[in-house]
Structure formats: C-alpha cells, structure tokens
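Peer 1: Test case, fold it:
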Amino acid sequence: MLEEQDILVSDDVLRDPGPARRMLACRVEEVLGQAGPRDGERRIARLIVPVAPFDPFAWLAAQTLLPKIYWHGRGDSMAAAAVGAADQCVGGPDAGYATLRAQLDAVLPKSDARARYFGGFRFDPNAAADEVWRGFPTFLFTLPRFVYMRNENEGMLACNLVLPRDGARKEAILSRIARLRFPDDFAGSDSGRDMPRLLSRTDEPDEAGWARNVDWSLNAFAQPGPLEKVVLSRRTRLAFSDSLDAFALLKQLQEGTPNCFHYGFQFDPDAAFVGASPERLFHRSGQYIRTEAVAGTCVRGDTEAEDARALDSLLASAKDQREHGYVRESIRQALRPLCEEFRIDEAASGLQQALRWHLVSRSSGLLWRGVHGSDVMAALHPTPAVGGYPAEPALAAIRDLEGFDRGWYAGPVGWIGPQAAEFAVALRCGLARGRSLFLFAGAGVVEGSDPAGEWAEIEQKIGDMLRALG
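Peer 2: Now for the predicted structure:
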C-alpha cells in the first residue's frame with residue numbers, strides 16, 4: 001500500500017542557504033537511514049524547509065540538475081519550480097492513456113496525498129515524430145526530486161523521497177543537495193542574459209500554403225461528409241545568433257500574459273518547451289471536476305468603449321459562435337458518461353486576456369467513483385478547440401495538411417496526483433532548441449472562415465512570444 005508523508009524539517013524561515021542545505025541533508029540522511037524494507041510497502045516522503053522567497057526563474061537557471069520544470073496555474077497564488085527526478089512515468093511510441101494510468105497506479109499513493117507528477121502528452125501519438133521534438137516522448141511525467149514553491153510572501157523548498165527505494169541512493173541524493181544553488185550563489189544576477197540577435201524567420205506553411213490549406217478545408221465542408229471544423233496550425237522557426245535561455249523567456253512571457261497557465265519543461269540541456277496557455281483542459285479535486293470550452297477570439301479594444309464593442313462583436317459573431325459550439329458540445333458528450341452529475345453553460349461569455357477576448361463556456365461535474373485522471377484526459381483530448389469536429393476526420397486532415405509534427409504543442413500539460421490533477425492545453429508556446437525557437441499557434445477553420453483573417457489571428461497569438469523576446 002502506498003502512502004505519502006510530509007515532514008517539516010524546520011519551523012523557521014531560513015534566509016541563509018548554508019543552514020537550509022545542511023538541515024535538508026541531515027534530515028534526508030536520517031530518513032533514508034531508517035528506510036529499510038517494510039513488507040514491500042512503497043511511500044513518498046516530502047521533506048520541507050521554509051526559505052525566504054526569491055525569483056524561481058533565476059533559481060532554475062542556476063541549477064545544473066535536469067529535468068527542470070515550471071508550473072503556475074491560472075489564478076494560483078503559488079508557483080512551482082522543480083529540478084531532478086525522484087520518479088518518472090514514460091510512454092514510448094505505442095503508449096496511450098491506458099499505459100499512463102497503469103504506470104501511475106503503480107507509483108502513486110491511493111490516499112488523498114500531495115504527490116504531484118508534472119508532465120505532458122503529445123498532441124497526436126499516432127503522428128510521425130519529428131527530430132525537433134527529440135527528448136519529448138509520447139508522455140513524460142516526473143515526480144521532482146527538489147521543488148521550490150513560492151507566493152508573494154513566502155517560499156518553501158521540498159525534497160521528494162521514494163521509500164524504501166531511495167535508501168540505496170542516499171549518497172547520490174546528498175551530493176545533489178550539495179549542488180543546489182541559492183540566491184547567495186547568484187546574487188546580483190537575473191534569470192538570464194540579454195536575448196540573442198534574431199537572424200531569420202521561417203513560417204511553415206508560408207502564407208500561400210496556409211491559404212491553400214484553408215481553402216481545402218472550406219471545400220471539404222461543402223462536400224458530403226462528416227468534417228465540420230478543423231484547427232490548422234503553423235510552426236514558425238526563429239533563428240538566433242546564440243542559444244536562448246528558455247526560462248528567462250518564460251519569465252518575460254508570464255509578466256506579459258496574466259490570467260494564463262504558465263509552464264516549462266526541460267529534459268536535456270539543448271531543448272526546453274515553454275508557454276502561456278489561456279485554456280484549462282480540466283481540474284480535478286477528489287470526485288469534483290471542472291473544465292471549460294475556449295474557442296473564438298478577437299483583439300481587445302484600446303479604450304473601455306472599444307473593448308466593450310470588441311466583446312459584443314465576438315459574442316454576436318456567427319462564425320465564432322459556430323466554432324465555439326463544437327467545443328462545448330464535444331465536452332458535454334465526453335464528460336457526461338463519466339459523471340453522475342454534470343452541468344455546462346448553455347451560452348458563451350467572455351474570457352478576458354491581456355490583449356484578447358475569447359469565448360468561454362464553463363462546466364463542472366461529480367465523477368463516478370473509479371474514474372481516473374487519465375480517463376478524463378482520454379475523453380477530452382483533443383477538444384475541437386485544438387483538433388476539430390468530428391475528431392477523427394479532423395486529425396486526418398491535420399496529418400495530411402500541416403507537414404510538421406505538433407509534438408507537445410496543443411497536448412495536455414500539467415500535473416497529476418492520486419485524487420487531484422490540473423491540466424492546461426499547451427498553447428501560445430515555443431520549443432527552444434539550440435539557437436532556434438519554434439513557435440506554434442493555430443486557428444479554427446469552419447464554414448465562413450477567411451484565410452487572411454485566420455493568418456492574422458495566428459500572428460496575434462504568436463505576438464505574445466515575440467513581445468517576450470523584445
């Protein structure tokens with residue numbers, strides 16, 4: 001049977017990194033020294049040291065241990081920056097949601113514990129993998145070895161131990177504690193350096209190719225057949241004079257995109273995936289679940305009156321309401337069988353972002369007992385907001401038309417525990433690999449769509465990342 005223990009190493013907030021390291025190391029040594037076999041039981045112990053708040057992005061940049069992970073849920077007061085792996089669940093090319101569930105069932109506590117495995121899933125596991133996404137498998141979820149959590153007023157450093165297994169890894173864990181860097185180690189520095197010089201930009205497809213893809217979709221809608229909506233995306237490659245600090249970029253992105261989910265994953269030194277998504281896939285707490293349909297977009301106005309007119313125009317747009325309706329109905333069909341109680345907004349309202357309005361319909365429900373977080377993910381993903389409607393013909397069109405691998409773009413990213421989970425859809429994102437940054441964004445194509453208008457919508461969406469680059 002699996003359990004989890006939280007162990008507070010100190011009641012005092014430690015402002016000096018020396019005592020923080022020593023206290024954490026002593027407690028780890030003590031706990032692991034007692035971690036003999038206990039009738040085969042496996043449990044997760046989390047050792048916690050309160051520390052003074054500092055910049056999580058600077059902390060991530062200073063660490064040498066991989067993977068590096070960042071998560072800040074939309075509206076959450078607490079952000080989490082993590083390094084190292086105490087445990088991982090990994091899916092190969094043929095893996096699916098059932099594989100993820102089997103692996104998580106084998107490692108996660110069954111009680112309402114606080115263990116969180118952070119990670120993500122490919123948008124389309126059946127699509128051909130691209131070398132650009134090397135190191136990002138079908139799914140990868142990590143229980144971090146070290147997690148720094150902070151809000152405005154306080155910070156906390158935690159070390160996750162998997163017992164009794166980590167008893168045999170004591171010296172390696174103590175060595176990694178000694179290598180952790182704290183603010184005194186990088187005093188006077190920021191989370192990164194000046195952004196390197198932009199050398200070139202390549203769009204795939206280009207504007208002419210995009211117009212052909214949209215025209216193909218509009219013709220398909222006019223023919224007898226099931227396809228009613230397809231979300232087409234674009235990959236933009238920016239080449240730079242030097243490699244990018246992806247977490248410095250994420251810091252700038254977070255400052256410019258409030259009311260979003262902010263995430264970052266770096267599994268090897270050469271590549272990191274970061275983004276700021278407005279869209280929740282689902283949030284689970286016990287049997288309670290909530291999600292939302294987000295589709296339909298317009299730019300906000302410069303004045304209060306112009307902003308109100310922009311929202312009114314979006315709410316009155318037949319094209320945007322049609323696009324949104326597919327998403328709302330698909331969520332209803334996906335979640336209703338998993339819930340003993342379920343409700344969803346029957347009319348869309350406005351979701352306000354820094355520069356845009358989106359149409360949103362919120363839903364909530366009470367899951368039947370035995371429904372797993374991976375079951376919810378399998379039922380919901382991909383929503384018509386990122387794939388299309390119906391799902392299978394839309395995915396087939398995406399594979400034929402786009403010409404590149406979406407990888408983790410538009411897939412589920414977030415965290416999962418035994419009785420809780422939170423996932424966003426990986427939107428407004430970039431994959432930094434060496435001296436290149438690959439930006440991904442899409443637009444929903446339905447009857448009445450215009451190629452030039454949809455191209456402009458994608459330009460607006462990648463604008464968040466371009467502004468973060470300065």
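Peer 1: C-alpha from now on. contacts and neighbour counts both.
Peer 2: Fine.
Peer 1: Outline the domain layout of the protein.
Peer 2: 2-186, 198-259+272-468 (automatic domain parsing).
Peer 1: Lowest mean pLDDT across those domains, which one is that?
Peer 2: Set side by side, those differ in mean pLDDT, and domain 2-186 is lowest with a mean of 86.
Peer 1: that's a strand at Asp215, yeah?
Peer 2: No: applying DSSP: H, G, I helix; E, B strand; the rest coil, one finds Asp215 to be helix, outside a strand.
Peer 1: Let's check: the centremost residue of this protein is which one?
Peer 2: Val413 (3.1 Å; CA atoms, centre = their mean).
Peer 1: I figured it hits Arg122, correct?
Peer 2: No: counting by CA atoms under 8 Å, Val413 sits too far from Arg122 to count as a contact (9.2 Å).
Peer 1: so how far is the helix or strand hosting Phe273 off the chain centroid?
Peer 2: Using DSSP states H and E, Phe273 maps to strand 271-277. How far strand 271-277 lies from its chain's middle: 8 Å, per CA atoms, centre = their mean, to the nearest Å.
Peer 1: just checking, next helix/strand downstream of that strand?
Peer 2: strand 280-285.
Peer 1: Kindly export that next one (C-alpha atoms) in PDB.
Peer 2: Extracted as PDB, the C-alpha positions of strand 280-285 are listed here (Å, rounded to 0.1, in the frame of the first residue of the first chain):
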ATOM      1  CA  ARG A 280      -7.800  24.800 -19.000                       C
ATOM      2  CA  LEU A 281      -8.300  21.200 -20.100                       C
ATOM      3  CA  PHE A 282      -9.600  20.100 -16.600                       C
ATOM      4  CA  HIS A 283      -9.100  20.500 -12.900                       C
ATOM      5  CA  ARG A 284      -9.900  17.600 -10.600                       C
ATOM      6  CA  SER A 285     -10.200  17.600  -6.800                       C
END
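Peer 1: other SSEs contacting that strand?
Peer 2: With contacts taken as 3 or more CA pairs under 8 Å, 6 or more residues apart in numbering; DSSP states H and E, strand 280-285 sits against strand 288-299, strand 420-425.
Peer 1: got the ones you listed as CSV, with distance to Gln34 and mean neighbour count columns?
Peer 2: Output for the helices and strands packed on strand 280-285, formatted as CSV (distance: least, CA to CA, whole Å; neighbours: other CA atoms under 10 Å):
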stretch, distance to Gln34, mean neighbour count
strand 288-299, 37, 22
strand 420-425, 30, 24
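Peer 1: got JSON lines for those strands, with distance to Thr257 too?
Peer 2: As requested, the helices and strands packed on strand 280-285 are arranged in JSON lines below (distance: least, CA to CA, whole Å):
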{"stretch": "strand 288-299", "distance to Thr257": "14"}
{"stretch": "strand 420-425", "distance to Thr257": "15"}
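Peer 1: With respect to Arg179, which of these lies nearest?
Peer 2: Arg179 lies closest to strand 420-425 among those, at 30.7 Å (CA to CA).
Peer 1: partners of the helix or strand that the closest one is followed by, with directions?
Peer 2: As assigned by DSSP H and E, the chain's next helix or strand after strand 420-425 is strand 429-433. As defined by DSSP bridges, the strand partners of strand 429-433 come to strand 271-277 (antiparallel), strand 436-445 (antiparallel).
Peer 1: Give the helix, strand or coil label for Tyr409.
Peer 2: coil.
Peer 1: if you skip the residues just before and after it, what's nearest to it?
Peer 2: Excluding its sequence neighbours, the residue lying closest to Tyr409 (CA to CA, 6 or more residues apart in numbering) is Ala426, at 5.3 Å.
Peer 1: Arg362 too?
Peer 2: Closest to Arg362 by CA to CA, 6+ apart is Glu292, at 4.2 Å.
Peer 1: same deal with Glu29?
Peer 2: Glu29 sits nearest to Lys170 (CA to CA, 6+ apart), 6.9 Å away.
Peer 1: quick one, strands of the stretch 301-450 of the chain?
Peer 2: For the stretch 301-450 of the chain, the strands defined by DSSP state E, counting those that start in this stretch cover 339-344, 349-352, 356-367, 388-389, 412-416, 420-425, 429-433, 436-445.
Peer 1: Flag every buried residue along the host helix or strand of Cys26.
Peer 2: Per DSSP H and E, Cys26 falls inside helix 17-33. Across helix 17-33, burial judged by 16 or more other CA atoms under 10 Å covers 17, 20-21, 23-25, 27-29, 31-32.
Peer 1: Now do the contacts for the residue nearest to Cys339 when sequence neighbours are not counted.
Peer 2: Spatial nearest neighbour of Cys339, chain neighbours left out: Leu367 (4.1 Å); criterion: CA to CA, 6+ apart. Leu367 makes contacts with 287-289, 338-341, as judged by CA atoms under 8 Å, 6 or more residues apart in numbering.
Peer 1: And Leu367, how close does it get to Thr236?
Peer 2: Going from Leu367 to Thr236 by CA to CA, to the nearest Å gives 40 Å.
Peer 1: do the same with Leu315
Peer 2: Distance from Leu315 to Thr236, by CA to CA: 30 Å.
Peer 1: swap in Arg74?
Peer 2: Distance from Arg74 to Thr236, by CA to CA: 26 Å.
Peer 1: Arg165 now?
Peer 2: In terms of CA to CA, Arg165 sits 44 Å off from Thr236.
Peer 1: The two: who's more crowded?
Peer 2: Thr236 (19 against 16; other CA atoms under 10 Å).
Peer 1: give me the beta-bridge partners of that one?
Peer 2: Counting by DSSP bridges, the residues bridging with Thr236 are Asp203, Leu439.
Peer 1: Who are the contact partners of it?
Peer 2: 201-204, 438-440.
Peer 1: what about the strands in the stretch 151-300 of the chain?
Peer 2: Using DSSP E, counting those that start in this stretch, strands in the stretch 151-300 of the chain cover 155-163, 198-204, 229-240, 261-268, 271-277, 280-285, 288-299.
Peer 1: want to try TSV for those strands, with distance to Asp105 as columns?
Peer 2: Below are the strands of the stretch 151-300 of the chain laid out as TSV (distance: least, CA to CA, whole Å):
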stretch	distance to Asp105
strand 155-163	15
strand 198-204	40
strand 229-240	34
strand 261-268	23
strand 271-277	27
strand 280-285	17
strand 288-299	20
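Peer 1: Most tightly packed of those strands?
Peer 2: Per residue and on average, the most neighbours among those fall to strand 271-277, with a mean of 26 (mean count of other CA atoms under 10 Å).
Peer 1: which residues make contact with that strand from outside it?
Peer 2: Against strand 271-277 from outside (CA under 8 Å, 6+ apart): 246-247, 250, 253-254, 257, 260-266, 424-434.
Peer 1: Of all the strands of the stretch 301-450 of the chain, which one is nearest Ala310?
Peer 2: strand 356-367 (8.1 Å).
Peer 1: Specify the next element, helix or strand, located C-terminal of the helix or strand that contains Arg46.
Peer 2: According to DSSP H and E, Arg46 maps onto strand 42-51. Using DSSP H and E, the helix or strand that directly follows strand 42-51 along the chain is helix 56-62.
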